[in-house]
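Predicted model, plus sequence, below.
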Amino acid sequence: MLRSRVVLFLLLPLATSGLVSAARAADVSGIITSTIGVPIDIAPGDTITHWTKAGSPYHVKGTVTIPAFNTLFIEPGVDVLFDADVQFVVQGSLYARGTKADSIRFLKGTAGSWRGIRISGGWTSTLEYVRISGGYARGSEPDCRGGGLYVSGVGTWVDIHHSAIVGNRAAQDGGGIANEAGEIGGVYMTHCRVSDNSSEGEWGVGGGISSSGWMQMYYCVISGNTTSGTGSGGAVFNVGSGPLFGCVMYGCVICGNAAGNAGGAIDNAGNGSLTLYECTISGNTAPRASAINNSASASVELLNTIVWANTPAEQIVSNGGTVTATYSDIQGGFEGTGNISADPLFVDAANGDYSLRPDSPCIDTGSPSTPLDPDGTRTDISAIPYNHPVGVVEQQGLPSFSLMQNAPNPFNPSTTIRFTLPEAGHVTLAVYDINGRLVRTLVGQAFLPGHHEVVWDGKDAMGRAVASGVYVYRLTAAQGVVTRRMTLLR
């Protein structure tokens, strides 16, 4: 289920005349507005501060606090180096947006470790192309949770995209991330890596991620995370607060994680609701329930998902609650429509390549009611769709039949979809949600040969703005059907 939320968030333009750009590294200690820049006079209590690439690296020598009603903007290319073992506290908003070529990094400096980013206060923060490494959360609760990132407080939302939370530790729960924002708030992640984090307490859970609230992850890799002692959930521990505010994972690879007790990949407990669509879970280990451990009143739903080669062979254990699976490949078999139990034939799992070989039994055997794969074929059972070779030879001088990736992507509020036709004909271009429900038909008419483009404004057929999430757009013409995915971020 895609999230739907209402957040009042005012993004004010920056005036460069009101900022101080340091010519060399800046020392950060205490309240950021007193040490980094001159506040912009917007309204009583409102301050915007801007960390620039020119001022990087920023050496943190004391606890950093972004007060409520304040926003810290961090430019691409900024390094934040912790020379003291302190927290980075966000009570307002953090807007750190790097680029693919110029990321933003939170790293330990001369200190042996630092105590992670702590976001609370009921505001929205965005992290894009950000790396968080070397955090170590410890002390009394809740300071012992969320080694790299801790999220809490009603109305606190954190969007994370194309980012890496790697090599962090927690003395208790959530070595990489701890999400305790509850029902009205949470974490939304796309194209992220959560790897090599650890929960080190005897009862610590969620080596990579622990979550007790709303959380959605799309196209993420969660690997190499661990829990110690009797801790469960090597990759993810989920103990949500009901089906509307659980954890959804779509197109994720969960591999090589280990738990000291149960759930080498995932431990789903309490009243947790966990949904796995088109995921691959492999190579995880635990004394019991090597892949998924489900208990109490928790529920797990799997669709088009691989659960294979986790150790020991007992992949899924349910001690109460419910586990349902359809059109999934589960080692040892599992009751449900379309399920199989066959080696998925990964290309090179030993070296982390979980794509499918051409002879994989998971190709084109996913649910017939879900959107087609990007190459226009039936959905695969896998996080990584197999790309069928195209054997069509185009007539010399004519454009090929193709559907391009939308741009921008992710987008808000609108995006452009481009396609080409080799000959005139009727074309349908439609948008679907990830469950295959039609959101809106953008075009349904005849087009001439050549290049064309259509703009989607992020609204459904009734003119209502749709929620943030992953959507599928499908082009249908006489030459065939092509499908791609896009991400809307409100």
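Cool, got the structure.

bridging residues for V481?
According to DSSP bridges, the partner residues bridging V481 are T476.

Confirm for me that it is in contact with Y473.
No - here V481 does not reach Y473: they are 11.5 Å apart, not a contact under C-beta atoms under 8 Å. The C-beta positions use only the backbone N, C-alpha and C, and glycine is treated the same way.

hey, where'd the strands end up in the stretch 351-490 of the chain?
353-356, 402-403, 415-421, 425-433, 438-447, 450-456, 469-477, 480-488 (DSSP state E, counting those that start in this stretch).

So which bits of the longest one are buried?
Looking back up the chat, that one is strand 438-447. Of all the residues in strand 438-447, those buried under the rule 16 or more other C-beta atoms under 10 Å are 439-440, 442-443, 447.

for the fourth one, same thing?
Of the residues in strand 425-433, those buried by neighbour count under the rule 16+ other C-beta under 10 Å are 427, 429-433.

Not counting sequence-adjacent ones, nearest residue to E423?
Nearest residue to E423, sequence neighbours excluded (C-beta to C-beta, 6 or more residues apart in numbering): P449, at 5.2 Å.

returning to that earlier point: what's the closest of the strands of the stretch 351-490 of the chain to G207?
G207 lies closest, by C-beta to C-beta, to one member of the strands of the stretch 351-490 of the chain: strand 353-356, at 19.4 Å.

Of V481 and Y473, give the one with the bigger neighbour count.
Higher neighbour count among V481 and Y473: Y473, with 25 against 14, using other C-beta atoms under 10 Å.

My guess is that one contacts L488. True?
No - with contacts counted by C-beta under 8 Å, Y473 stays clear of L488, the gap being 11.3 Å.

Relative to D102, how far out is the nearest residue to G153 once chain neighbours are set aside?
Closest residue to G153 apart from its sequence neighbours, by C-beta to C-beta, 6+ apart: S120 at 3.9 Å. Separation of S120 from D102 (C-beta to C-beta, to the nearest Å): 28 Å.

and those two? which has more neighbours close in?
S120 (21 against 12).

Please name the residues that touch F419.
Counting by C-beta atoms under 8 Å, 6 or more residues apart in numbering, F419 touches 402-404, 427, 429, 451-454, 475, 482.

Could you tell me how far it is located from N409?
Distance of F419 to N409, given as C-beta to C-beta: 15 Å.

what's the answer for S355, then?
Distance from S355 to N409, by C-beta to C-beta: 22 Å.

go on, G352?
Separation of G352 from N409 (C-beta to C-beta) stands at 25 Å.

and if you look at N293?
N293 is 36 Å from N409, by C-beta to C-beta.

Which one of these two is surrounded by more residues?
N293 (27 against 15).

Just name the closest of the buried residues of strand 425-433 to L303, please.
Nearest to L303 out of the buried residues of strand 425-433 is D433 (C-beta to C-beta; 13.7 Å).

Assess the claim that the closest one and G469 are in contact.
Yes - counting by C-beta under 8 Å, D433 touches G469, with 7.2 Å between them.

in stretch 321-331, what's buried?
Judged by neighbour count (16+ other C-beta under 10 Å), stretch 321-331 contains these buried residues: 321, 323, 325-331.

re earlier: hmm, which of the contacts of F419 are the buried ones?
402-403, 427, 429, 452, 454, 475, 482.
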